[in-house]
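In: Sharing a model prediction with you, sequence too.
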Amino acid sequence: MRLGGIYEADYPLQLVRTKLVLGENETNMTAIAAVFIPEGFVIGADGLRQTTNRSVVTDKAQKVFGFHDEKTTLAYAWCGQILFWNEDDRAQIFFDFGAVTKSALTLASLTSRDLNGFAENLRATFLTLLLQSNETYPGWISSANPGSMARMLVAGYLNREPFLLEVRVKQVNSLPLVSINRLVLSNDLKAFSGHPSVTPDERLKRIPENVEDASNLVREYIQRCVDSPECKDIGGKTHVALVSPDSFDWIDAPEISN
């Protein structure tokens, strides 16, 4: 079995203010960053999407998405290999993280009374979907690279309580492992994914004064990744959104919406 897919990076989220991005040396990357301010979460990403062989799919991809129901308002963005297909028959999709996320979020929100329950139900839903897919297409998970497969940043509100979560999916001993970490909220820039050549300075470590300033901070981080001579895999149209307790609103909408 030969796997193909769309790939968008994997770097651990740093919670220390003086560090932005440190992590594994991946070939293909995406830039995702978020800031928590009194008005809500400002979250943005670049628009370049590539296949595992570095062919450009589009430079106008939407990587930040919104979700809203009676209890929950949030934004989410994936990085890593998010779409797995059969390289010998690309019409055969083994798993598409993007396609199942809203259903997983809906189920987790409906069946949860608090944030701990939401996180656990979301984790269990993704694990169940992965195991079912592996039964339908036996062995595709064991063919994936060991270790990190994909990660998702989730920023928003459950019953108006703010939260920031990291969903991480790994292949361990040929089986999927899904974990969810609740991340510390603070009003400095969180670079969820990007390029390690972008080092922090006073401009990137500043505390934003308002939504516009937070949006500029997110864009500046992403643009620095784009401009880095060491990185050729981040680029395209940057898009930025604001998540408040009641709504998901575009500050700078993507050119192509999914």
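Out: Perfect, thanks for sending it.

In: From here on, just use CA atoms for contacts and neighbour counts.
Out: Fine.

In: Check which residues of the helix or strand hosting Thr128 are buried.
Out: Per DSSP states H and E, Thr128 falls inside helix 115-136. Neighbour-count burial for helix 115-136 flags 115, 118-119, 121-127, 130-131, 133-134 (criterion: 16 or more other Cα atoms under 10 Å).

In: swap in stretch 207-227?
Out: 207-208, 211, 214-215, 217-219, 221-226.

In: quick one: contacts of it?
Out: For stretch 207-227, the external contacting residues (Cα atoms under 8 Å, 6 or more residues apart in numbering) are 31-35, 37, 39, 42-46, 187-189, 191, 194-195, 197-198, 204, 231-235, 238, 240, 242, 251.

In: Mean pLDDT per helix and strand in this protein: which one sits at the bottom?
Out: Least confident helix or strand of the chain, by mean pLDDT, DSSP states H and E, is strand 3-7 with a mean of 55.

In: Quick one: list the elements packing against the helix or strand just after that strand.
Out: Going down the chain from strand 3-7, the next helix or strand is strand 32-37, by DSSP H and E. Where contact means 3 or more Cα pairs under 8 Å, 6 or more residues apart in numbering; DSSP states H and E, strand 32-37 is packed against strand 40-45, strand 190-193, helix 211-227.

In: so what does the helix holding Thr128 touch, helix or strand wise?
Out: Packed next to helix 115-136, using 3+ Cα pairs under 8 Å, 6+ apart, are strand 89-96, helix 97-110, strand 175-182.

In: 10 Å instead?
Out: Contact analysis of helix 115-136 by 3 or more Cα pairs under 10 Å, 6 or more residues apart in numbering; DSSP states H and E lists strand 89-96, helix 97-110, helix 140-143, strand 147-158, strand 161-172, strand 175-182 as its packing neighbours.

In: Could you dump the ones you listed into CSV and include mean neighbour count?
Out: Below are the helices and strands packed on helix 115-136 laid out as CSV (neighbours: other Cα atoms under 10 Å):
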stretch, mean neighbour count
strand 89-96, 15
helix 97-110, 17
helix 140-143, 19
strand 147-158, 24
strand 161-172, 19
strand 175-182, 18
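
In: quick one: which of the ones you listed is nearest Thr51?
Out: Nearest to Thr51, of all the helices and strands packed on helix 115-136, is strand 89-96, at 11.9 Å by Cα to Cα.

In: Quick check: closest non-adjacent residue to Ala124.
Out: Distance criterion Cα to Cα, 6 or more residues apart in numbering; nearest residue to Ala124, sequence neighbours excluded, is Val178 at 7.8 Å.

In: re the thing from before, nearest to Lys71 among the buried residues of stretch 207-227?
Out: Among the buried residues of stretch 207-227, and counting by Cα to Cα, the member closest to Lys71 is Val211, at 23.6 Å.

In: Quick check: bridge partners of the residue nearest to Ala124?
Out: Legend: beta-bridge partners of Val178 under DSSP bridges are Val169.

In: and the helix holding Thr128, what's its mean pLDDT?
Out: Here helix 115-136 scores 97 as its mean pLDDT.

In: Identify each buried residue in stretch 187-207, please.
Out: Residues 187-196, 198, 200, 204-207 are the ones in stretch 187-207 that count as buried (16+ other Cα under 10 Å).

In: so which of the residues you listed would you say is closest to Asp59?
Out: So of the buried residues of stretch 187-207, ranked by how close each gets to Asp59 (Cα to Cα), first place is Gly194, at 16.0 Å.
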